[in-house]
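Visitor: Make a model of this:
(2 chains)
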Amino acid sequence: DTEVTQTPKHLVMGMTNKKSLKCEQHMGHRAMYWYKQKAKKPPELMFVYSYEKLSINESVPSRFSPECPNSSLLNLHLHALQPEDSALYLCASSRGQGTYEQYFGPGTRLTVT
Amino acid sequence: GDSVTQMEGPVTLSEEAFLTINCTYTATGYPSLFWYVQYPGEGLQLLLKATKADDKGSNKGFEATYRKETTSFHLEKGSVQVSDSAVYFCALKTTDSWGKLQFGAGTQVVVTP
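Guide: Modelled structure (predicted):
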């Protein structure tokens, strides 16, 4: 099973709201990732967790706050977003941070109004 | 730095035509190479991979061979179907990249009946 699940599938939020995106995998992977994808562009890396610790933060604004409660779960907390943050947010996982392949979830389509 | 260059799309084909999407790369380490496919409104799916020179990855009728001498990883399929209409991303990871996937810009493929 190579499934990564993400909830919700769609999210509409105002600029003053607080919401969270959730990601889950049960493949025993120890690296998990958040990406942001704008239309007709490749995904852009936001964060990497390795063994439940934040390994990479690609200079993401603080209105995005990641959390890895355990080895299977990854959250992305959203607060005071801007309309330009509207995008598809993808979660991925891999066996480790090396050259292993990454498996992606279906994404959360976020619209900020 | 590492980079991936893909042919620009959209590529429009008739059903049962032969598909080739060119991908070349530059990398400072020893990369693993991947092709991902993204169907409309979905996340990325790993299509195939190759981890060392002369490896051939294959899946669902698609093939790509890791050519170190030409730094290429071209994707081919002998007979496309309408259901192959999607965006295809070539990507690499190196042992120096701390788990970062370097994506190409993506190539949209449109297959008409």
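
Visitor: alpha carbons only for contacts and neighbour counts from here, please
Guide: OK.

Visitor: Poorly predicted segments of chain B, please.
Guide: Scanning chain B for pLDDT under 70 picks out B:97.

Visitor: Quick check: residues of it near chain A?
Guide: Proximity of chain B to chain A (C-alpha under 8 Å from any C-alpha of the partner chain) is limited to residues B:31-32, B:34, B:42-46, B:49, B:89, B:93-95, B:97-100, B:103-106.

Visitor: tell me which element the residue lying closest to residue A:65 once chain neighbours are set aside falls in.
Guide: Closest residue in space to residue A:65, ignoring its immediate chain neighbours: residue A:77 at 4.9 Å, by C-alpha to C-alpha, 6 or more residues apart in numbering or on different chains. Assigned by DSSP states H and E, residue A:77 belongs to strand A:73-79.

Visitor: Neighbouring strands - and their directions - for that strand?
Guide: If you go by DSSP bridges, strand A:73-79 pairs up with strand A:18-25 (antiparallel), strand A:64-70 (antiparallel).

Visitor: which residues sit against the last one?
Guide: What it means is strand A:64-70. The contact list for strand A:64-70 (C-alpha atoms under 8 Å, 6 or more residues apart in numbering or on different chains) reads A:47, A:49, A:52, A:53, A:74, A:75, A:76, A:77, A:78, A:79.

Visitor: Okay, and the beta partners of the fourth one?
Guide: This means residue A:53. Bridge pairing for residue A:53 (DSSP bridges) gives the partners residue A:50.

Visitor: next one: the fifth one
Guide: Beta-bridge pairing for residue A:74 (DSSP bridges): residue A:23.

Visitor: and the closest residue to residue B:10 other than its chain neighbours, how many neighbours?
Guide: Leaving aside its chain neighbours, residue B:10 sits nearest to residue B:108 (4.7 Å; criterion: C-alpha to C-alpha, 6+ apart). Neighbours of residue B:108 under the rule other C-alpha atoms under 10 Å in any protein chain shown: 21.

Visitor: could the strands paired with strand A:73-79 go into CSV alongside mean neighbour count?
Guide: Conversion of the strands paired with strand A:73-79 to CSV gives the following (neighbours: other C-alpha atoms under 10 Å in any protein chain shown):
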stretch, mean neighbour count
strand A:18-25, 20
strand A:64-70, 16
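
Visitor: closest one to residue B:11 among those strands?
Guide: If you check each of those against residue B:11 by C-alpha to C-alpha, strand A:18-25 wins as the nearest, at 33.2 Å.

Visitor: Need the contact partners of the closest one.
Guide: With C-alpha under 8 Å, 6+ apart, strand A:18-25 has contacts from A:3-8, A:13, A:72-80, A:91, A:93, A:105, A:108.

Visitor: 7 Å instead, please
Guide: Here strand A:18-25 makes contact (C-alpha atoms under 7 Å, 6 or more residues apart in numbering or on different chains) with A:3-8, A:72-80, A:91.

Visitor: Farthest-apart pair in those residues, please.
Guide: The most widely separated members of the contacts of strand A:18-25, counting by C-alpha to C-alpha, are A:3 and A:80 (30.7 Å).
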